[in-house]
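[1] Dropping the sequence and predicted coords here.
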Amino acid sequence: MPRTFTYTLLSLTLVLFLAACDTSGANDEPTAALEGEWSGVSFRLSSFLDLKQQGDAIAGTLRIAGVFPNGRPLDGEIDDFGRFRWTVLNGCETWTGTFLLDDEGNMLEGTINVEGDNCARPTSAVDPTVSFTRNLPAETLPVE
């Protein structure tokens, strides 16, 4: 086989391989759309999320009746597996959560963990069955 043909074939193979690996035109859409208001129950208390989203980064507020009714800042992200992982600091406690969005995009389900190892009275709690439902604007609700 002529040497020129071999080099051409190798060059073409390399170009095709690099084109297949190129991610510069990859979809920059977030893994899940979570922006908006959500309501649910955690630790048997009425709970609310108000989320803002930029790509896979999430910021917002978590309010839990009787715990922090005025809300606490929430910071989180959507990981490569589509899980929404977040953290809220409440004094000496660290609240963390991991939620998954359902296929319709209207329900978050997961767990919340509370750790207060640095508190005067160390605390630890888990709510393994948390769910939040997206609050839809009135104009999107079905009319009966």
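    Received, thanks. Numbering: from 1, shown residues only.

[2] Pull the contacting residues for the residue nearest to the spatial centre of the chain.
    Nearest residue to the geometric centre of the chain (Cα atoms, centre = their mean): Phe84, 2.3 Å. When contacts are counted by Cβ atoms under 8 Å, 6 or more residues apart in numbering, Phe84 touches 32, 34, 58, 76-78, 97-101, 108, 110. Just so you know, the C-beta spots here come from the backbone N, C-alpha and C atoms, and that holds for glycine as well.

[3] The same query, at a cut-off of 10 Å, please.
    For Phe84, the contacting residues are 31-32, 34, 49, 51, 53, 56, 58, 76-78, 97-101, 108, 110, by Cβ atoms under 10 Å, 6 or more residues apart in numbering.

[4] separation between it and Cys119?
    Using Cβ to Cβ, to the nearest Å, Phe84 is found at 26 Å from Cys119.

[5] distance of the residue nearest to the centre of the chain from Gly116?
    Distance from Phe84 to Gly116, by Cβ to Cβ: 23 Å.

[6] Same check on Glu37?
    28 Å.

[7] now do Phe68
    Phe68 is 14 Å from Gly116, by Cβ to Cβ.

[8] Pull up the overlap in contacts between those two.
    Asn90, Gly91, Trp95.

[9] From these, list just the buried residues.
    Trp95 (16 or more other Cβ atoms under 10 Å).

[10] Export the shared contacts of Phe68 and Gly116 as CSV, with columns for secondary structure, distance to Phe43 and pLDDT.
    Converted to CSV, those look like this (DSSP: H, G, I helix; E, B strand; the rest coil; distance: Cβ to Cβ, whole Å; pLDDT from 0 to 100):
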residue, secondary structure, distance to Phe43, pLDDT
Asn90, strand, 13, 91
Gly91, coil, 16, 91
Trp95, strand, 10, 97
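
[11] my guess is Arg44 meets Ala125, correct?
    No. With contacts defined as Cβ atoms under 10 Å, Arg44 does not count as touching Ala125, sitting 11.5 Å away.

[12] Tell me which of those two has more neighbours.
    Ala125 (12 against 9; other Cβ atoms under 10 Å).

[13] So that one is in contact with Asn113, correct?
    Yes. Using Cβ under 10 Å, Ala125 makes contact with Asn113 at a distance of 7.4 Å.

[14] Since that was my last question, I'll sign off now.
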